[in-house]
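Attaching a predicted model along with its sequence, questions to come.
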Amino acid sequence: MTELLKVDEIESSYGESQVLFGMSLDIAQGEVVTLLGRNGMGKTTTVRSIMGIIRPHAGVIRYNSQEIHAYPSFKVAQAGIGLVPEGRQIFPNLSVHENLIATEANRTGNSDPWTSDKIYELFPSLKVRQNNMGNQLSGGEQQMLAVSRALMTNPGLLILDEATEGLAPLVRAEIWRVLEQLKSQNQSILVIDKNIDALTRIADRHYIIEKGVVVWSGDSDALKSDEELQHRYLGV
């Protein structure tokens, strides 16, 4: 499989506080990969480093063979990485439809790009609410909109930070359904979440991070079968 993203031995800090200590992972074209670990271990910092929100002070990040670790955030997005951030961060004073068209782009040359009509087929509830403001949506609808807004950039790689945190069970099931559909369409995805059952059903490979470094990686069968590993690093 063709390598899409490679994070190679990066170190990242907030001021004097270092969080990542040689963090490495890779994602191939069409893969769904997870980043797992307890809170405060560096998962979101890894995502922020990939996205150019913070700049690593050591190591290399390559996307489509381009070194992107010194790129500002907008240039990372233009290169083809779409982010569904923790906390959703939709535009509260824009309608659902305006949120979608605000990020519409096809810089990667997708032959069948995402459009608002295709989004409404993916999430029918957003079609019903398309004229509502972002701040009038439920938390679940806001997460659907955050996923949709990222898809409207037609990303080569989609990153979801805390994909289903705080959502009702029916909404979580809807998000997992959509991720499975995206995987069937060969969408490359990096996802952070705590739902091991759903993640091991959908994802190809997993990384567990502890104190800013990968302590385990493997496939879904290996993760599901190792209860001691889950208890030790994930608190399951």
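Happy to help now that I have it. Numbering: from 1, shown residues only.

How is the protein partitioned into domains?
If the domains of the chain are taken from automatic domain parsing, they occupy 1-80+156-166+187-236, 89-155, with pieces of a single domain joined by a plus sign.

which one's the longest helix in this protein?
Counting residues, the longest helix found in the chain (DSSP state H) is helix 169-184.

K211 touches G42, doesn't it?
Yes: between K211 and G42 a contact is recorded at 7.2 Å, counting by CB atoms under 8 Å. Where C-beta positions appear, they are placed from N, C-alpha and C, glycine not excepted.

Count the residues that sit near A150.
If you count neighbours by other CB atoms under 10 Å, A150 ends up with 21.

just the helices in this protein please.
Secondary structure of the chain by DSSP H: the helices cover 43-51, 73-79, 96-102, 116-122, 124-128, 139-151, 169-184, 196-202, 220-225, 227-234.

G109 is nearest to which of those?
Ranking those by their distance to G109 (criterion: CB to CB) puts helix 73-79 first, at 12.7 Å.

Who are the packing partners of that closest one?
Contact partners of helix 73-79 among helices and strands, from 3 or more CB pairs under 8 Å, 6 or more residues apart in numbering; DSSP states H and E: helix 43-51.

Can you dump the C-alpha atoms of the helix it packs on in PDB for me?
Taking C-alpha atoms only, helix 43-51 is exported to PDB below (Å, rounded to 0.1, in the frame of the first residue of the first chain):
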ATOM      1  CA  LYS A  43      -3.000  12.200  21.300                       C
ATOM      2  CA  THR A  44      -4.400  15.700  20.600                       C
ATOM      3  CA  THR A  45      -0.900  17.100  20.600                       C
ATOM      4  CA  THR A  46       0.000  14.600  17.800                       C
ATOM      5  CA  VAL A  47      -3.000  15.800  15.800                       C
ATOM      6  CA  ARG A  48      -2.100  19.500  16.400                       C
ATOM      7  CA  SER A  49       1.500  18.800  15.300                       C
ATOM      8  CA  ILE A  50       0.300  17.100  12.100                       C
ATOM      9  CA  MET A  51      -2.100  20.000  11.400                       C
END
